[in-house]
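In: Structure, please.
(4 chains)
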There are 2 protein chains.
Amino acid sequence: MDDLDWKVLSLLQQNARITYTALARQVHLSVPAVTERVKRLEEDGVIDGYVARVNPAMAGYAVSALVGITVPQPAKTKFLNFLETISEVLECHHVTGADSYVMRLVATNMADLERLIERINLYGETRTSLVMSTPLATRALQRPSVASRRSKDAR
Amino acid sequence: MDDLDWKVLSLLQQNARITYTALARQVHLSVPAVTERVKRLEEDGVIDGYVARVNPAMAGYAVSALVGITVPQPAKTKFLNFLETISEVLECHHVTGADSYVMRLVATNMADLERLIERINLYGETRTSLVMSTPLATRALQRPSVASRRSKDAR
DNA sequence: GCTGAAACGTCGGAGCT
DNA sequence: AGCTCCGACGTTTCAGC
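Out: Here you go, the predicted model:
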């Protein structure tokens, strides 16, 4: 992972549909060289995939919410299986603290949201926050600063 | 936004680097027809962009956290300007409830995380949850079910 | 890491169902 | 609104270096 890899990552995070030719031009490498780097980043799991970002509001989902839930340890597997079936849950993290999981979900309207939370609530106590706006939606990952890298490896 | 549009969205959410030719094959449309649909979805803002998803752990960020913060109303603008300068904050939502904002951020290690939160803490009281795992990382948005669409428009 | 050439994909426009 | 045909150009892939 050198400077060029991070430059490539930066460009692909800005626009995943950029062509290898344009990528090559911008990093001052030949097309095969940059193609090989991208393939390596994919195979190493640094690049997890390429996705189109869809605006939920424009796609008929008027409300977004963050929901925390406390799930008793034995019910966690069942809960995760349940989540798989709820397509409105877009993201779910297993976290430390009072909440077991924190989810981000969407709904077409408030009534829809209420119905969703009712069903989720069967697995544990929930805390819901409505998302009013998203000042920062998934910013690109940058190369760790030298200051923070110093702690582990100084290469 | 008909079934074909949703099929296109689904494919682009699975793999943003798919070619128009492959897309056309899979939705049983001609290349010009599918290209025009994608262009329209982009111009209408339904598609917000195409991004490469980078695995933070594979890129040198060993820890992820969710941080909620209570910011007094007059300090909010200053806080958002501050956030712009912190590249480790990947996502930030303005929410209802005790927290003003909920952020997702990454750090190379615990010491790094502590330093980050110290700086964020200058703007308000924070609550931090460590992300242990992410059972569901940004699932694709699907077409709202008929049940939930019935409430608003029945077309 | 670099050509270079063949195969493939993309983007116009024209005319048609 | 969609299709095909077309040609020109850009892009990808794979050989060989």
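In: what are the ranges of the helices in chain A?
Out: Ranges of helices within chain A are A:3-14, A:20-27, A:31-43, A:76-84, A:110-120, A:146-149, based on DSSP state H.
In: As CSV, those with mean neighbour count and distance to chain B would be great.
Out: C-beta coordinates here come from the backbone N, C-alpha and C atoms, glycine included. CSV is the format used below for those (neighbours: other Cβ atoms under 10 Å in any protein chain shown; distance: least, Cβ to the nearest Cβ, whole Å):
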stretch, mean neighbour count, distance to chain B
helix A:3-14, 18, 4
helix A:20-27, 15, 10
helix A:31-43, 15, 9
helix A:76-84, 14, 5
helix A:110-120, 16, 4
helix A:146-149, 13, 4
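In: okay if I get the ones you listed as CSV plus mean pLDDT and distance to DNA strand C?
Out: Shown next, in CSV, are those (pLDDT from 0 to 100; distance: least, Cβ to the nearest atom of the strand, whole Å):
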stretch, mean pLDDT, distance to DNA strand C
helix A:3-14, 98, 6
helix A:20-27, 96, 8
helix A:31-43, 97, 3
helix A:76-84, 98, 32
helix A:110-120, 98, 36
helix A:146-149, 77, 22
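In: For A:L83, which non-adjacent residue is spatially closest?
Out: A:V89 (5.4 Å; Cβ to Cβ, 6 or more residues apart in numbering or on different chains).
In: and the longest strand along chain A, anywhere near chain B?
Out: In chain A, taking DSSP state E as the definition, the longest strand is strand A:125-136. Yes. Using Cβ under 8 Å from any Cβ of the partner chain, strand A:125-136 reaches chain B at A:R127, A:T128, A:S129, A:L130, A:V131, A:M132, A:S133, A:T134, A:P135, A:L136.
In: which residues pair with the third one across the strands?
Out: It stands for A:S129. A:L66 (DSSP bridges).
In: Please apply the same query to the last one.
Out: Here A:L136 shows beta-bridge partners B:C92, assigned using DSSP bridges.
In: From A:Q142, how far off is it?
Out: 14 Å (Cβ to Cβ, to the nearest Å).
In: which residues touch the closest residue to DNA strand D within chain A?
Out: At 3.0 Å from DNA strand D, A:Y20 is the closest residue in chain A, using Cβ to the nearest atom of the strand. The contact partners of A:Y20, by Cβ atoms under 8 Å, 6 or more residues apart in numbering or on different chains, come to A:V31, A:V34, A:T35, A:V38.
In: how much space between the residue of chain A most remote from its centre and A:E125?
Out: Within chain A, A:S30 marks the point farthest from the mean C-alpha position, 31.1 Å out by Cα atoms, centre = their mean. Using Cβ to Cβ, we find A:S30 at a distance of 57 Å from A:E125.
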